[in-house]
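Undergrad: Pasted the sequence and its predicted model underneath.
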Number of protein chains: 2
Amino acid sequence: MNQYVVGVDVGGTTVKCGIFAINGVLIDNWEVPTRKEEEGKYILPDVADSIKAHMAEKKLELDDIEGIGIGVPGPVQPDGYVHVCVNLGWHGHWPAKEMRELMGGNIRCAAGNDANVAALGEMWQGGGKGHDNLLMVTLGTGVGGGLIIDGHIIPGVHGAGAEIGHIHVRDGEPESCNCGGHGCLEQVASATGIVREAKRTLAASEEPSSMRDFGDALTAKDVCDCAKAGDALAVKSLGTSLRYLALVMAHVSMITDPELFVIGGGVSKAGQYLVDVTRKYYEEFTPLLNKKADITLATLGNDAGIYGSARLVLGNE
Amino acid sequence: MNQYVVGVDVGGTTVKCGIFAINGVLIDNWEVPTRKEEEGKYILPDVADSIKAHMAEKKLELDDIEGIGIGVPGPVQPDGYVHVCVNLGWHGHWPAKEMRELMGGNIRCAAGNDANVAALGEMWQGGGKGHDNLLMVTLGTGVGGGLIIDGHIIPGVHGAGAEIGHIHVRDGEPESCNCGGHGCLEQVASATGIVREAKRTLAASEEPSSMRDFGDALTAKDVCDCAKAGDALAVKSLGTSLRYLALVMAHVSMITDPELFVIGGGVSKAGQYLVDVTRKYYEEFTPLLNKKADITLATLGNDAGIYGSARLVLGNE
C-alpha cells in the first residue's frame, strides 16, 4: 500500500481537503471555494487542480497516493451515483469516477455521504478510535447521523441509513418538520429544536429564568449554559430535548446494538454535561442491556469529513 | 461445495432438524426431544446421533454435507460462545465446536441466535426470498426480531441486535415489561399485548363489541377476527397495537433502511389485514422516504429456524 491518502469534504460553501499518512496523521490541509455556478460543474476540477498543486508542493507523486475519498452533502447510491445534490447544484454525477479521470485515470477513488463519512472519520482518528461499531450523532442546525457496523458505513437501501433526525419521538407536535413529519427528533434536539423547546418552556411558565434575559435571540448555547449554571427551566427544557435524544439512542441499541455513541456538531460543545444528562436517560430506556454502550464526544470537529473520506479509500484493511 | 446442508433449531421442548439440498430444497426433516436434564448436556449428542441416523437412511456420507448450522434460543457471542441459555439449562457451551467434534471433527458448523437465524431462513427461502436487507418481526408471546444487512445477520455487540420488542414506544405505561422497562413494543404488539390493549379498550368504553363475548378468554386471534369483521372497538385497539409496531418499523427505516419487513409469528396469521393496517401507519411515520420498504408476511412458519440455520453454514456464497 502507498503511504498517503487524500480526503475531500465537499460542502456548500467550501471544499475541505487533506493529505494524510495512511496511519491517520494529517500532513497537509486546505480549503477550496465551492463554485456552484453551472450546476456545480467546476467543483471537482477545482479540487483536482488543488490536490495536484498540494501534492507537488509536498513532492508527492501519484504513486505515493493510495487514493482519494470524497464526502458529498447528499445521498450517494451504493454504485457511487449521485442523483441530485441540492447544496452543490449537482444533477447526475459520479464523483469518484470523475475524480479518478481528473487525476489521470490511475488512482483509486471513493465517495460517500458526508454524515456517514464523518462517522467513519471519528471512528478512525476521533472520539470513536478503537471501535468499529458505533453511531455518530451530529447535533447542529439539524440532527444527522452515521452508522458504522464492523467498520463499514451502513448507507441504507434508499440512502436513509442513520437518518435519526427524522425518527418520530413525540405525538401531538403541531409544527411540521422539514421532512413533512410532525414530532421528529430534529424538531426537539437540534440547535433549533433546543431553542424552540426552551421558548415553549418559558412561555408555559411564570417562573424566573436567566434564559429570559436573552429574549428572542436565545441560542442553544445559551440554553446549555443556563442549564449548566443550574437554571431550573433550562435544566427542564434541555432535559426534555436530551431525553428524546437518549430515547433514539436506546432505539439504536435495540436495533443494531453498537458499542459506542459519538456526539458531535455545534451543540456537542456543551461537553460532558450533555453526555451525562443523555446517559442518565439512555440508561433508563435500556433496562434490557446489562452492558450498555458508551457515550462520548466527537473530537475532530469540522475535520471529521476529511478524515472519514480519506478512511473511506482505505476500506477495511 | 458439497450438495447438502443440515439445519438444527434447538427449542426448549423439541429440536427441529432438516437436511437441505444447498439450493434450499428441504429433503428430510424430523424432531428430537430436548433433554434438559443435567444442564442440557445430552441435547447436542442426541441431535448428532439423529443426524447420523438420518444421513445413513438417506445414504449420505459426511463428504456430502457442507455443514451443520445450529439455532439457539439465547444470545450467541460472535466467537460462537453461549454463556447461558436458560431455556436449555446451558451454561458455557460452544455449540458449533461441540457439534463438529460430535460429528467426527471434520465438518463445518456454525451457531446463531434463533430469532436472527429465522430471519435468515425467511431471507433464503421464505417471505424475504430475493432480498438481502430486511428485518424480520416475530409477533408471538413476545415480539422478536432478526436484522439482515447485505445478507449478514446483525447480532449486535452485546447480543441485543433486533431486540425490537424492547423499544420504548409509550410513556406512562403503568405495567412493567419482562425487561424491567415500561412501555415496550412487546407490551402492546405481542399476542399478549394485543389482548391487553383490547381489554383496556373494552374497559374504557360502554360501546357494544363482539370482543365482549369472549370474556376473559379473549385471544389475539379473536381481536384480529373481530377487527377484520369491522367491530369498532377491535379496529381501534388493534389499530393502536399496529400503530406502535409501524412506529418501530419506521425507526428501523431511519436507522438501517432495509428494503423489506417480513412479519411472522402466531399473530401474523391475521394475514393481509395486518399488513395493510401496519403499512398505513408506517407510511405516515416515514414522510422522508420517497421509496418505502415493502411489508410482507413470513411463509416458513415454524420451519424458518431450520432453513436459517442451514443457510448460516453457507455463508455469503
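TA: Cool, the structure landed. Numbers count the residues shown, from 1 in each chain, chains lettered A, B, ... in the order given.

Undergrad: I'd like the distance from stretch A:134-150 to the chain centre, please.
TA: 5 Å (Cα atoms, centre = their mean, to the nearest Å).

Undergrad: Could you tell me the end-to-end distance of that stretch?
TA: Using Cα to Cα, to the nearest Å, one end of stretch A:134-150 lies 9 Å from the other.

Undergrad: Quickly check: that stretch near chain B or not.
TA: Yes - interface with chain B: stretch A:134-150 contributes A:147, A:149 (Cβ under 8 Å from any Cβ of the partner chain). To be clear about C-beta, it is placed using only N, CA and C from the backbone, and glycine gets the same treatment.

Undergrad: Same check on stretch A:309-317?
TA: No - in terms of Cβ under 8 Å from any Cβ, no part of stretch A:309-317 sits within range of chain B; the closest distance is 13.2 Å.

Undergrad: tell me the mean pLDDT for that stretch?
TA: Mean pLDDT, stretch A:309-317: 85.

Undergrad: What residues sit buried inside that stretch?
TA: A:309-314 (16 or more other Cβ atoms under 10 Å in any protein chain shown).

Undergrad: Could you provide those in a markdown table, with additional columns for distance to A:C226?
TA: Shown next, in a markdown table, are these (distance: Cβ to Cβ, whole Å):
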| residue | distance to A:C226 |
| --- | --- |
| A:S309 | 37 |
| A:A310 | 39 |
| A:R311 | 38 |
| A:L312 | 40 |
| A:V313 | 44 |
| A:L314 | 43 |
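
Undergrad: Can you pick out the ones from the residues you listed that are in helices?
TA: Residues of the buried residues of stretch A:309-317 located in helices (DSSP state H): A:309-314.

Undergrad: quick revisit: and which of the buried residues of stretch A:309-317 is nearest chain B?
TA: Nearest to chain B among the buried residues of stretch A:309-317 is A:L312, at 17.0 Å by Cβ to the nearest Cβ.

Undergrad: for A:E98, helix, strand, or coil?
TA: helix (DSSP: H, G, I helix; E, B strand; the rest coil).

Undergrad: Leaving out the residues flanking it, which one is nearest to it?
TA: Of all residues beyond its chain neighbours, the one nearest A:E98 is A:L44 (5.2 Å), with distances taken as Cβ to Cβ, 6 or more residues apart in numbering or on different chains.

Undergrad: could you list every residue that touches that neighbour?
TA: Listed by Cβ atoms under 8 Å, 6 or more residues apart in numbering or on different chains, the contact set of A:L44 reads A:93, A:95, A:98-99, A:102.

Undergrad: ok, so of those, who is nearest A:L233?
TA: A:P95 (46.5 Å; Cβ to Cβ).

Undergrad: Can you report how many residues neighbour that closest one?
TA: Burial of A:P95 is recorded as 27 neighbouring residues (other Cβ atoms under 10 Å in any protein chain shown).

Undergrad: and A:V235, how far is that from chain B?
TA: From A:V235 across to chain B, the span is 19 Å (Cβ to the nearest Cβ, to the nearest Å).

Undergrad: surely A:I107 meets A:L62?
TA: Yes - A:I107 lies in contact with A:L62 (Cβ atoms under 8 Å); the separation is 6.0 Å.

Undergrad: Show me which of those two is the more surrounded one.
TA: Under the criterion of other Cβ under 10 Å, the comparison of A:I107 against A:L62 puts A:I107 first, with 20 against 12.

Undergrad: State the pLDDT value of the more buried one.
TA: At A:I107, pLDDT is 95.

Undergrad: which ones are touching it?
TA: Going by Cβ under 8 Å, 6+ apart, the list of residues near A:I107 reads A:62, A:65, A:67-68, A:100.

Undergrad: Mind doing that once more with 6 Å?
TA: A:67, A:100 (Cβ atoms under 6 Å, 6 or more residues apart in numbering or on different chains).

Undergrad: Now do it against A:L312, distance only.
TA: A:I107 is 14 Å from A:L312, where distance means Cβ to Cβ, to the nearest Å.

Undergrad: A:L297 now?
TA: A:L297 is 23 Å from A:L312, by Cβ to Cβ.

Undergrad: Quick one: name the residues of chain A near chain B.
TA: Within reach of chain B by Cβ under 6 Å from any Cβ of the partner chain, chain A has these residues: A:133, A:154, A:156-158, A:160-161, A:163, A:166-168, A:179-181, A:251-252, A:254-257, A:259, A:285, A:287-289, A:291.

Undergrad: Using the record's assignment, carve chain A into domains.
TA: Following automatic domain parsing, chain A resolves into domains at A:4-121+A:303-314, A:130-299.
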